[in-house]
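Enquirer: Quick one: sequence and predicted model below, then my questions.
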Amino acid sequence: MYQKKFLILFTVFIFFIAKAFAVTVPSASVSTFSPEQRSTRTESIWVKPYSALETIELESGNRVHNTAYGAYIGYDTNVIHLSKAWDSVLTFHTGYTGSRQKYNARTIFQNGGQLGLSGVFFRKNFFLGVLTNVGATNAISESSFENINFSMLSATAAVKTGYNFEFLEKRLSFQPSFLGAYLWVNTFDYVNAQNEVVKSDPVYSIQLVPGLKLTANLEDGWQPYIGVQQVWNIINASRFSPNDVSVGEISLKPYVQYGVGLQKNVGEDFNFFVQTTVRNGGRNGVLFSLGLRKYF
């Protein structure tokens, strides 16, 4: 029983890692799909596939090899004019997320989907983005001696704020920002082959991410950009003790992520981007993403 509860806890912890993109839609990380980067603010639909290859360093000294992939699609409303010079854009999004983790002799497969709503509020060069979403995931934990299959329900809330400093007649934009996110995951009880009911308490994570981004607006319409962020995770998994037996420290070391990207408006109807992000520290690896937006 203890081992099975530990495996569930560890799988839920890995879920936090695999769900890293949950708070990047639409206005977190160094993603091009930040509303404050749009050259026009009209109604649009967009799609954003991604993939990641990385190694995760746990505080316990163990390593996890993670492969993540998925895609998001979303709809942005027209600008909503509010009082006192405030504007707002609402975004509805849904997506598929998949991942595979290898840890010692065990492999964990996760597949799921999510549905969310976000709003970004602007006043001159200041912005405040608020996001919330819910997701459901099925996890299969496999090893040479047993397989475990169970489901998880998650909820995310995130807030990002920042300011765009413009230079050289708006040809250069410097953006400091801060992201705070909360992720809650509940694992549903299940009955194993020995007819034992396996239970675990909900687990949460708090993520704090200060960052800087520099964007250039070239005359031919190209917009290259670079970004850097420091990521801290506070996870209550280390306090989980099934049957009053401590499972030891399971937490994620801080890490830095820095990325480069390129976006371009094609005529008045389309925008596309490509981006590469590198992580060092508690997570070491590379992430690739691209996207296409259609304006109306």
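Expert: Arrived safely, thanks for sending. Residues are numbered from 1 along each chain as shown.
Enquirer: so the closest residue to Gln207 other than its chain neighbours is in which element?
Expert: Spatial nearest neighbour of Gln207, chain neighbours left out: Ala181 (4.3 Å); criterion: C-beta to C-beta, 6 or more residues apart in numbering. Heads up, the C-betas are built off the backbone N, CA and C, glycines and all. Using DSSP states H and E, Ala181 sits within strand 172-187.
Enquirer: Just give the strands next to that strand in its sheet, each with its orientation.
Expert: strand 147-163 (antiparallel), strand 165-167 (antiparallel), strand 203-216 (antiparallel) (DSSP bridges).
Enquirer: Tell me which residues are up against the second one.
Expert: Counting contacts by C-beta atoms under 8 Å, 6 or more residues apart in numbering, the residues outside strand 165-167 that touch it are 125, 172-175.
Enquirer: how close does Phe109 sit to Pro254?
Expert: 27 Å (C-beta to C-beta, to the nearest Å).
Enquirer: With Arg283 instead?
Expert: 9 Å.
Enquirer: Surely Glu268 is within a helix?
Expert: No - under DSSP: H, G, I helix; E, B strand; the rest coil, Glu268 sits outside any helix and is assigned coil.
Enquirer: how many other residues sit next to it?
Expert: 8 (other C-beta atoms under 10 Å).
Enquirer: Find the nearest non-adjacent residue to it, please.
Expert: Spatial nearest neighbour of Glu268, excluding adjacent residues (C-beta to C-beta, 6+ apart): Tyr295 at 6.7 Å.
Enquirer: give me every residue that touches that neighbour.
Expert: 40, 42-44, 268-271.
Enquirer: Out of those, who's the most crowded?
Expert: Busiest of the contacts of Tyr295 [other C-beta under 10 Å] is Asn271, holding 24 neighbours.
Enquirer: Hmm, that residue is touching Leu290, no?
Expert: No - if you go by C-beta atoms under 8 Å, Asn271 and Leu290 don't touch, sitting 11.7 Å apart.
Enquirer: circling back: what's across from the residue nearest to Glu268 in the sheet?
Expert: According to DSSP bridges, beta-bridge pairing links Tyr295 with Ser44.
Enquirer: likewise His93?
Expert: Residues in beta-bridge contact with His93 (DSSP bridges): Gly74, Gly116.
Enquirer: And the pLDDT for it?
Expert: On pLDDT, His93 comes in at 88.
Enquirer: My guess is it contacts Thr132. True?
Expert: No - using C-beta under 8 Å, His93 is not in contact with Thr132; the gap is 10.9 Å.
Enquirer: Please name the bridge partners of Leu212.
Expert: Under the criterion used (DSSP bridges), Leu212 bridges to Pro176, Val228.
Enquirer: isn't it right next to Gln175, touching?
Expert: Yes - Leu212 lies in contact with Gln175 (C-beta under 8 Å); the separation is 7.0 Å.
Enquirer: what is the rounded mean pLDDT of the host helix or strand of Asn138?
Expert: According to DSSP H and E, Asn138 maps onto strand 126-142. Strand 126-142 comes out with an average pLDDT of 86.
Enquirer: That strand pairs with which strands, parallel or anti?
Expert: strand 106-123 (antiparallel), strand 147-163 (antiparallel).
Enquirer: Tell me how far that strand lies from the chain's centre.
Expert: 7 Å (C-alpha atoms, centre = their mean, to the nearest Å).
Enquirer: Comparing Arg283 and Pro254, which shows the higher neighbour count?
Expert: Under the neighbour definition other C-beta under 10 Å, Arg283 and Pro254 were set side by side, and Arg283 has more, 24 against 12.
Enquirer: Would you convert the strands paired with strand 172-187 into a markdown table that also reports mean pLDDT, distance to Leu262 and mean neighbour count?
Expert: Formatted as a markdown table, those follow (pLDDT from 0 to 100; distance: least, C-beta to C-beta, whole Å; neighbours: other C-beta atoms under 10 Å):
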| stretch | mean pLDDT | distance to Leu262 | mean neighbour count |
| --- | --- | --- | --- |
| strand 147-163 | 85 | 21 | 18 |
| strand 165-167 | 90 | 20 | 11 |
| strand 203-216 | 87 | 10 | 18 |
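Enquirer: Flag the shaky bits of the stretch 1-150 of the chain, pLDDT-wise.
Expert: Along the stretch 1-150 of the chain, segments meeting pLDDT under 70 span 1-41, 58-62, 145-146.
Enquirer: in the sheet, who's paired with Gln223?
Expert: Going by DSSP bridges, Gln223 forms beta bridges with Gln263.
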